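Asks: Here you go, sequence then predicted model.
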Amino acid sequence: MALYRYLKAPAQIPYEPSIVVPLPRRFELHRLIPLLLMALGSFLVLGVVSPIIYHLLVVSPQLTRAQILSPLPTSLEESRSLAQVAGTTTAMPETGTPQTQATASQTDYTKASNWFPTAPIGKPNPSKITHYTINIPKINIKNAVVSIGGDDLMQSLIQYPETANPGEFGSPVIFGHSILRQFYNPSESNPNRYISMFSTIMTLEEGDKIFVNFDGIEYTYQVSDKYEVKPEQVEVLGQRFDRQSLKLITCVPEGTYLRRGVIEAQLVQS
């Protein structure tokens, strides 16, 4: 008979699973994309809106004027009659029919004729000269072309019809387009960028020089004043024949069409 030996099995330790440390969640970039886009959009909106708000709240109140000249005369003769009583000679463009006010969505502000909707549009003063150039060293405008009586601000600066020519008594009134300053590089000084040509003219200060080359003669004007008017204040286009001056006009705040910024300069040398 076979002999068997029985051995006692060793006591088994109960199994206890080890503590599992969860791995960190994989960085999921796609969850951050909406937040990044929202932050970028807010930054862009703030960059556009804040300069406009600053201009309206801080800059504009210092420049806005209630009235520039006497009420708008209906004709050149009436203007001169009124001026004789006042001791000066002023005039406004007399021919043409006042424009019909268009809605903002229909108005093309690359056309100079739309900047003062109620102003009469006349014909340019008779002259063999149809174009001339302007230089403003402080804001890097070099040999920019001014079209006398033109309308397309994408192609050139525009001298408003029936305003004086450079060097004459009265005021050449020159329109130029502007855009938001952060989108305008003043160092490029490219005369073909007329859509942004006057973006920084409201930074000009009293005493700054403006050079106009007209019919082979260079005229030097010196900035004497700057201010803002509303689009219905067409008296800013008026002519005073007791002085030789110059007016540069653009839309303000930059990148909007709410008001018109005006730089006035006086002839100091020709």
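Replies: Nice, thanks for sending it over.
Asks: Poorly predicted segments of the chain, please.
Replies: Low-confidence segments of the chain, defined by pLDDT under 70: 1-2, 4-30, 43-62, 64-105, 122, 124-126, 181-192, 270.
Asks: Would you tell me which strand is longest in it?
Replies: Counting residues, the longest strand found in the chain (DSSP state E) is strand 217-229.
Asks: what's the next secondary structure element after it?
Replies: strand 239-240 (DSSP states H and E).
Asks: other SSEs contacting the longest strand of the chain?
Replies: The helices and strands touching strand 217-229, judged by 3 or more C-beta pairs under 8 Å, 6 or more residues apart in numbering; DSSP states H and E, are helix 60-63, strand 209-214, strand 245-252, strand 259-269. Heads up, the C-betas are built off the backbone N, CA and C, glycines and all.
Asks: tell me the most buried of these?
Replies: strand 245-252 (a mean of 24; mean count of other C-beta atoms under 10 Å).
Asks: Direction included, what does it pair against?
Replies: Strand 245-252 has its sheet partners listed here by DSSP bridges as strand 173-175 (parallel), strand 259-269 (antiparallel).
Asks: What segments of this protein are helices?
Replies: If you assign secondary structure with DSSP state H, the helices in the chain sit at 33-54, 60-63, 76-86.
Asks: what's across from Gln269 in the sheet?
Replies: Beta-bridge partners of Gln269, counted by DSSP bridges, are Thr220.
Asks: how close does it sit to Asp208?
Replies: Plainly put, Gln269 is 14 Å away from Asp208 if you go by C-beta to C-beta, to the nearest Å.
Asks: now Glu232
Replies: For Glu232, the distance to Asp208 under the criterion C-beta to C-beta works out to 29 Å.
Asks: which one of those two has more residues nearby?
Replies: Neighbours per residue (other C-beta atoms under 10 Å) separate Glu232 from Asp208, with Asp208 holding more: 18 against 12.
Asks: which ones are touching the more buried one?
Replies: The neighbourhood of Asp208, defined by C-beta atoms under 8 Å, 6 or more residues apart in numbering, consists of 136, 138, 222-223.
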